[in-house]
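Participant: Okay, predicted coordinates and the sequence, questions at the end:
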Amino acid sequence: MKLAILATQPEATATKLLAEAAKDKGHEVRIFNPLEMYLYISNVHKKDRLYYQDKENTYRIYKNEMDAVITRLGGSLNHCLAIVQHIRQNMGIFCTQTASGIMTASDKLKTSQVLSLHGIHVPKTVYAKEPRDVKLLIDLAGGLPVIVKGLTGSQGANVVILETPLSANSVLESYYKSKTQVIVQEYIEPDKTGAKDIRAIVVGNKVVASMQRKAPKGSFKANVSLGAEAEPIELTEDQKELCVKASKAVGLDTSGVDLMTGKDGKNYIIEINGNHGWKIQNVCTDINIAAEYISFVEDNFKKGNEQRDLWPVHSHIDGLKNEVEKQKKEYRFVDQQRNEFLNDRTNLEKEITGLKNTLKAKEEKIHKLYLDLEHADRQLMLQQMKV
């Protein structure tokens, strides 16, 4: 297999590990920085091209020189995603990620919208271009404390917790004045052991590695890059299924999914990272994450992109089907309750009729006794008069 790694940081650890894993399996590997690529759109159908400039010259990259592409994009997304779109759709080359998926994952608001659309639990999220009504934002997010995030950013950047009305007003007012767009999210309360979350690496249809991260004392950010403690963790089947579903929903076959379990026991997807960090490899040392990537590409590159591109559509359809079944169940339950009520009503009406008949019989008996009493009184009076 001829594998290309599209990386904005060609010398990064992740890029090197992926290249080594591919070479260990006997594949040809080339590393390209997408920022050095030109795309050419032809006026003839299916004649679009791709060019690359290195330190010495610029040359064309032919379609038959790449069987598959692994993407590791960390900056200049507009240009990089145009390249990915061109490679995947215009040239028809297999890629591990979609351009739309990478874009969605890079935007926290879009991620929450897409996940919610697919019926995946996310924290309550409120977005406002100009956050003037601070009280409404906080109330909609479930009340203080709340989390405020910039629409983009990683490794805990642009994320703050607001715990008092004073801090909420001052911070949100500063965002408003600087015209910074933010989202306000529900604070997922951790258990007594402290703030923690889970990072799961999704490759294809499975979670290949997962670690639990615990925030340093006095912090709510559980990022390893910010000093959080990390250890491997085995996810439940439900958690694994949730992470895979979330990654697929945004259009990514490979991603880092951040998961939290609230005090109420519910699992929430916090973020999805299209260009996840590689520090998890130092924690989950018994798993070769790069090798999992290569295995996924080996199993899928000949199938092309089309079926995988349709997954979000299929997922949405499945979600609608599940909602229909849910509504049917609720209808059947309500109908059963109605029938039970009607049966109870019929039985009650019978009981009331029986009681009315009993009451009538008793009234008639009392009336007869009253007449008998009157007759006895008259007889007594007659006897007394004779005497």
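Facilitator: Looks like it came in fine.
Participant: which regions of this protein sit below the pLDDT cut-off?
Facilitator: Filtered on pLDDT under 70, the chain yields the residue ranges 131, 153-157, 191-195, 217-227, 306-319, 387.
Participant: which helix in it runs the most residues?
Facilitator: Identified as the longest helix of the chain according to DSSP state H is helix 311-386.
Participant: packing partners for it?
Facilitator: Helices and strands touching helix 311-386, by 3 or more CB pairs under 8 Å, 6 or more residues apart in numbering; DSSP states H and E, are helix 108-117, helix 237-249. All C-beta spots, glycine's among them, are computed from the backbone N, C-alpha and C.
Participant: Got phi/psi on the nearest residue to His86 once chain neighbours are set aside?
Facilitator: Sequence neighbours aside, Leu39 is the residue nearest to His86 in space, at 4.3 Å (criterion: CB to CB, 6 or more residues apart in numbering). Main-chain torsions, Leu39, degrees, to the nearest 10: phi -110, psi 140.
Participant: Repeat that for Gln212.
Facilitator: When quoted as degrees, to the nearest 10, the phi and psi of Gln212 stand at phi -100, psi 130.
Participant: Likewise for Ile183?
Facilitator: Per degrees, to the nearest 10, the backbone of Ile183 is at phi -120, psi 150.
Participant: Would you mind naming the residues that bridge with it?
Facilitator: Note on Ile183: beta-bridge partners by DSSP bridges are Tyr127, Lys149.
Participant: For Leu140, see how far away it is.
Facilitator: Distance of Ile183 to Leu140, computed by CB to CB, to the nearest Å: 11 Å.
Participant: So for these two, which residues contact both of them?
Facilitator: Contact with both Ile183 and Leu140 is made by residues Val126, according to CB atoms under 8 Å, 6 or more residues apart in numbering.
Participant: okay, the two: which has more neighbours?
Facilitator: Between Ile183 and Leu140, counting by other CB atoms under 10 Å, Ile183 is the more crowded of the two (21 against 16).
Participant: contacting residues for that one?
Facilitator: By CB under 8 Å, 6+ apart, the residues touching Ile183 are Lys108, Leu109, Ser112, Thr125, Val126, Tyr127, Val148, Lys149, Leu151.
Participant: Number of residues surrounding the last one?
Facilitator: What it means is Leu151. For Leu151, using other CB under 10 Å, the count is 16.
Participant: separation between the nearest residue to Asp24 once chain neighbours are set aside and Ala21?
Facilitator: Take Asp24 and drop its neighbours on the chain: the residue closest to it by CB to CB, 6+ apart is Ala291, 7.6 Å away. As defined by CB to CB, Ala291 lies at a distance of 5 Å from Ala21.
Participant: next one: Lys326
Facilitator: 43 Å.
Participant: higher neighbour count, the two?
Facilitator: Taking other CB under 10 Å, Lys326 and Ala21 do not tie; Ala21 has more neighbours (20 against 11).
Participant: mind checking the SS state of the more buried one?
Facilitator: Following DSSP: H, G, I helix; E, B strand; the rest coil, we place Ala21 in the helix state.
Participant: For Thr261, see how far away it is.
Facilitator: Taking CB to CB as the measure, Ala21 falls 32 Å from Thr261.
Participant: mind listing the strands for the stretch 101-250 of the chain?
Facilitator: Assigned by DSSP state E, counting those that start in this stretch, the stretch 101-250 of the chain shows strands spanning 125-128, 146-150, 159-162, 182-186, 196-203, 206-214, 229-232.
Participant: out of those, nearest to Ile87?
Facilitator: Ranking these by proximity to Ile87 (CB to CB) places strand 196-203 first, at 19.8 Å.
Participant: Taking their axis directions, that closest one and strand 206-214 sit at what angle?
Facilitator: 160 degrees (axes from the mean of the first three to the mean of the last three CA atoms, to 10 degrees).
Participant: In CSV, list the C-alpha atoms belonging to strand 196-203.
Facilitator: Taking C-alpha atoms only, strand 196-203 is exported to CSV below (Å, rounded to 0.1, in the frame of the first residue of the first chain):
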residue,chain,number,x,y,z
LYS,A,196,-12.0,13.9,35.8
ASP,A,197,-12.8,12.9,32.3
ILE,A,198,-12.0,10.1,29.8
ARG,A,199,-10.1,10.4,26.6
ALA,A,200,-11.0,7.6,24.2
ILE,A,201,-9.2,7.0,20.9
VAL,A,202,-11.6,5.9,18.2
VAL,A,203,-10.3,4.1,15.1
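Participant: Now stretch 119-139: buried residues?
Facilitator: By 16 or more other CB atoms under 10 Å, the buried positions in stretch 119-139 come out as Gly119, Ile120, Val122, Pro123, Thr125, Val126, Tyr127, Ala128, Pro131, Val134, Leu137, Ile138.
Participant: Check which residues of stretch 73-92 are buried.
Facilitator: In stretch 73-92, counting by 16+ other CB under 10 Å, buried: 73, 77, 80-81, 83-91.
Participant: would you list those residues in CSV and tack on secondary structure?
Facilitator: Below are these laid out as CSV (three-state DSSP):
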residue, secondary structure
Leu73, coil
Leu77, helix
Cys80, helix
Leu81, helix
Ile83, helix
Val84, helix
Gln85, helix
His86, helix
Ile87, helix
Arg88, helix
Gln89, helix
Asn90, helix
Met91, coil
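Participant: ok, and the closest non-adjacent residue to Ala249?
Facilitator: Leaving aside its sequence neighbours, Ala249 sits nearest to His118 (CB to CB, 6+ apart; 4.2 Å).
Participant: for Asp299, that is, sorry about that
Facilitator: Gly204 (7.5 Å).
Participant: could you measure the one you found against Lys248, distance?
Facilitator: Counting by CB to CB, the gap from Gly204 to Lys248 is 9 Å.
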